[in-house]
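1. Predicted model and sequence below, questions to follow.
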Amino acid sequence: MAQSITRRKLGKIAAALAAAESAGAGMAATQDGGVRGYYRFPNSFLWGCATAAYQIEGAAAQDGRKPSVWDAWSHMPGKTANGDTGDIACDHYHLYKQDIQLLKSLGVKAYRFSVAWPRVVPEGSGPANERGLAFYDRLVDELLSNGIQPFATLYHWDLPQALEDRHGGWASSETSKAFSEYAGLVAGRLSDRVGHFFTVNEFLCFTDQGYGSGIKAPGRKLPDGAVNQVRHHAVLGHGLAVQAIRAAAKAGTKVGLAENARICVPVIESAPHVGAASKAMRALNAPFLTAILEGKYPDAYLLAAGRNAPRFTADEMRAIASPLDFVGLNIYTPTYIRAADSPAGFVELPQPASYPRMASEWLTIAPEIAYWAPRHLGEIWGVKDVYITENGSSSTDRLTADGKVYDTDRLMYLRNHLVNAHRATAEGWPLRGYFLWSLMDNFEWADGYTKRFGIYYVDFKTQKRTPKLTAEYYREAIKRNCAV
Ligand code: NOJ
């Protein structure tokens, strides 16, 4: 039935549209093909892609690089799918110029890569390897000459095997110290051209999973108390690295981390559940993000750990809490929370077997995480600058007869996360940029090459890269600066 619209109503609608427009939710616009109702990001929003050294570089024994725990572990029979290793991976060490052209053709403004510790300081500590450092000089220079800002991660799990052999890796605080020296070295070398450094990528994956469950390198299975100590040495390594970077880097260099915090999503957006999600966010991230942002392990964490609690000094906690310039979060899956009448005040909801997921078994989908991640950081901890440092999905990609990959599921995943990221910016939460994981298919750790996360398809026999449908989508989103 036709509605009669009065002038007053029209006036109200126009005012609402103007408000939405100024918040970034563009409603008009038809110059770009008549698309309506799209979501525009702030002009300064930083679009990027992310990768990591061991997953793409290959050249594992070239120019003085020595093995990391991942080289050692992936070469042990039965540890990775099909016995896959990162020996060659995407051969990015040799193909980096062509890969930077892929980034350029997407229109990204920034690229997050990681520096391989065993390439730069092959023994973990001691002399630097000039040929290793020179690779990152070349990479950074090539990015800059193509107008792409480099964002460098210093530790994406490739611990020099020498440190594992000498000290038991992260089981010893010697590794925390060695990490900070290496971090200072790299920052001193690159900070004239690299403005942003991430100390560590995803604590849980190299602490609990490397030394507890043993499903990732170095594949050890230590008792709970020892694992808590590993966690402590890892956050300590982060804190010492922040200090070392500040001491060595050019003034104004920004330092942060890229953490896979549990993203607590209130199961219903009502005050009690939102409050519960915020309590859960602090509690469930106690050993890592909360400790770093608050300089203290929450009492409940220490109490629950009992005699297995980590041992630490006040000086160490001060180092761990070294102030950061930004916080990066790698976001993939949700933790649904509801309010509860219990001392904790929240309950974590299990996901039913029918819960939707992507090609990786663990990758359950909830695009709202792209809204809640920056909101929690801003609301709970007052963080001023947040980046989504990874978000993306695996898909059972197939090259079709016309030479294309129609990864509509990945595109759906991305679009819906961007809509939620937009919501965060429109509401004023401190989200400054988004790094898609990943530029191209690569070595997906224990899953080897069986899980593809790229927006470029890689034929690992020929090293040919083919853009998937999602690459086209992402290029369009970046061009229009919105979730199209
Ligand atoms: C996060 C990790 O940082 C990255 O290395 C990994 O490939 C993706 N998650 C997908 O599992």
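-> Perfect, thanks for sending it. Numbers count the residues shown, from 1 in each chain.

2. near the ligand, which residues of this structure show up?
-> Contact residues, the chain versus the ligand (C-beta under 6 Å from any ligand atom): 52, 55, 201-202, 330, 390, 437, 444, 453. Bear in mind the C-beta positions are built from the backbone N, C-alpha and C, glycine included.

3. Can you tell me which of the residues you listed end up in strands?
-> Residues of these located in strands (DSSP state E): 201, 330, 390, 437.

4. Quick one: the helices in the stretch 201-350 of the chain, in order.
-> For the stretch 201-350 of the chain, the helices defined by DSSP state H, counting those that start in this stretch cover 203-206, 224-248, 271-284, 291-294, 299-305, 314-320.

5. got a markdown table for these, with mean neighbour count, distance to Phe197 and mean pLDDT too?
-> Formatted as a markdown table, these follow (neighbours: other C-beta atoms under 10 Å; distance: least, C-beta to C-beta, whole Å; pLDDT from 0 to 100):
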| stretch | mean neighbour count | distance to Phe197 | mean pLDDT |
| --- | --- | --- | --- |
| helix 203-206 | 22 | 17 | 98 |
| helix 224-248 | 23 | 6 | 99 |
| helix 271-284 | 20 | 25 | 98 |
| helix 291-294 | 22 | 15 | 98 |
| helix 299-305 | 14 | 28 | 98 |
| helix 314-320 | 16 | 17 | 98 |
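
6. contacting residues for the residue in the stretch 51-200 of the chain positioned nearest to the ligand?
-> Using C-beta to the nearest ligand atom, Ala52 is the residue of the stretch 51-200 of the chain that sits closest to the ligand, at 5.0 Å. Ala52 makes contact with 113-114, 153, 156-157, 201, 442, according to C-beta atoms under 8 Å, 6 or more residues apart in numbering.

7. Show me those residues that map onto strands.
-> In this view, the contacts of Ala52 that belong to strands under DSSP E are 113-114, 153, 201.

8. Now do the buried residues in the host helix or strand of Ala162.
-> Counting by DSSP states H and E, the element that carries Ala162 is helix 161-167. Residues 161-164, 166-167 are the ones in helix 161-167 that count as buried (16 or more other C-beta atoms under 10 Å).

9. Switch these over to TSV; also include distance to Leu324 and pLDDT.
-> TSV is the format used below for the buried residues of helix 161-167 (distance: C-beta to C-beta, whole Å; pLDDT from 0 to 100):
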residue	distance to Leu324	pLDDT
Gln161	30	99
Ala162	29	99
Leu163	25	99
Glu164	28	98
Arg166	30	98
His167	27	98
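
10. Would you reformat those residues as a markdown table and include distance to Ala89?
-> Formatted as a markdown table, the buried residues of helix 161-167 follow (distance: C-beta to C-beta, whole Å):
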| residue | distance to Ala89 |
| --- | --- |
| Gln161 | 17 |
| Ala162 | 21 |
| Leu163 | 22 |
| Glu164 | 21 |
| Arg166 | 26 |
| His167 | 27 |
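
11. now Ala366, nearest residue through space, not along the chain?
-> Excluding the flanking residues, the one nearest Ala366 by C-beta to C-beta, 6 or more residues apart in numbering is Pro334, at 3.5 Å.

12. who's in contact with that neighbour?
-> Pro334 makes contact with 263, 265, 364, 366, 368-369, according to C-beta under 8 Å, 6+ apart.

13. switch to 10 Å and redo it
-> Residues counted as contacts of Pro334 (C-beta atoms under 10 Å, 6 or more residues apart in numbering) are 262-265, 267, 349, 351, 355, 364-369, 372.

14. likewise Arg318?
-> Contacts of Arg318 by C-beta under 10 Å, 6+ apart are 239, 243, 295.

15. Any stretches of this protein with poor pLDDT?
-> Scanning the chain for pLDDT under 70 picks out 1-38.

16. Kindly recompute the last result at 50.
-> For the chain, residues meeting the criterion pLDDT under 50 lie at 1-5, 10, 13-14, 16-30, 37.

17. In a helix, Ala353, correct?
-> No. Ala353 is assigned coil when assessed by DSSP: H, G, I helix; E, B strand; the rest coil, not a helix.

18. what's the burial count for it?
-> 5 (other C-beta atoms under 10 Å).

19. do you know how far it is from Glu368?
-> Distance, Ala353 to Glu368, by C-beta to C-beta, to the nearest Å: 21 Å.

20. and what of Ile292?
-> Ile292 is 24 Å from Glu368, by C-beta to C-beta.

21. With Ile478 instead?
-> Distance, Ile478 to Glu368, using C-beta to C-beta: 23 Å.

22. Next: Thr466.
-> For Thr466, the distance to Glu368 (C-beta to C-beta) stands at 32 Å.

23. More neighbours: which of the two?
-> More neighbours surround Glu368 than the other of Thr466 and Glu368, with 20 against 17 (other C-beta under 10 Å).

24. Just the closest of the buried residues of helix 161-167 to Lys404, please.
-> Distance to Lys404 across the buried residues of helix 161-167 (C-beta to C-beta) is lowest for Gln161, with 40.6 Å.
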